[in-house]
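# Mind folding the following:
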Amino acid sequence: MIQGKIEDITLPDGVTQVDVIISEWMGYALLYESMLDSVLVARDRFLRPGGVLAPSQCRMMLSLCEGADIYKDRVGMWDDVYGKWWNSGPEFSRRLMCHR
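Below you'll find the predicted structure:
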């Protein structure tokens, strides 16, 4: 077993390809902290033809939802914070919500 960042490792002497690459590359929600780029580098550099990459696939399912309550709680709340309106608060909240 070899552990380390794929961009930094080298295979032992005499080994040019491997039969199996196992990696937890997805992060949560398949996007956050995704390591897909590194896994593709490993596949291209080291995996022999016909080798196994595990896991090798994923499925992302999306659905629409009504977000008025979330928007009201996270952005609309700036309309009255201790009786004052914070001019930069709504824009800051919108950027945070879109960044996630």
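# Quick check: Arg43 vs Met26, distance?
15 Å (C-beta to C-beta, to the nearest Å). For the C-beta atoms, the positions are set from N, CA and C on the backbone; glycine is no exception.
# Contact partners for Cys58?
By C-beta atoms under 8 Å, 6 or more residues apart in numbering, the contact set of Cys58 is Met26, Leu30.
# Give me the three-state assignment for it.
Classification of Cys58 using DSSP: H, G, I helix; E, B strand; the rest coil returns coil.
# now do Ile9
Per three-state DSSP, Ile9 ends up coil.
# wait, what's in contact with it?
Applying C-beta under 8 Å, 6+ apart to Ile9 gives the contacts Ile2.
# Now do it, the pLDDT please.
At Ile9, the model reports a pLDDT of 88.
# and if you look at the one 5 residues further on?
Per-residue confidence for Gly14 comes out at a pLDDT of 90.
# Look up the closest residue to Gln17, ignoring the ones flanking it.
Leaving aside its chain neighbours, Gln17 sits nearest to Arg48 (3.9 Å; criterion: C-beta to C-beta, 6 or more residues apart in numbering).
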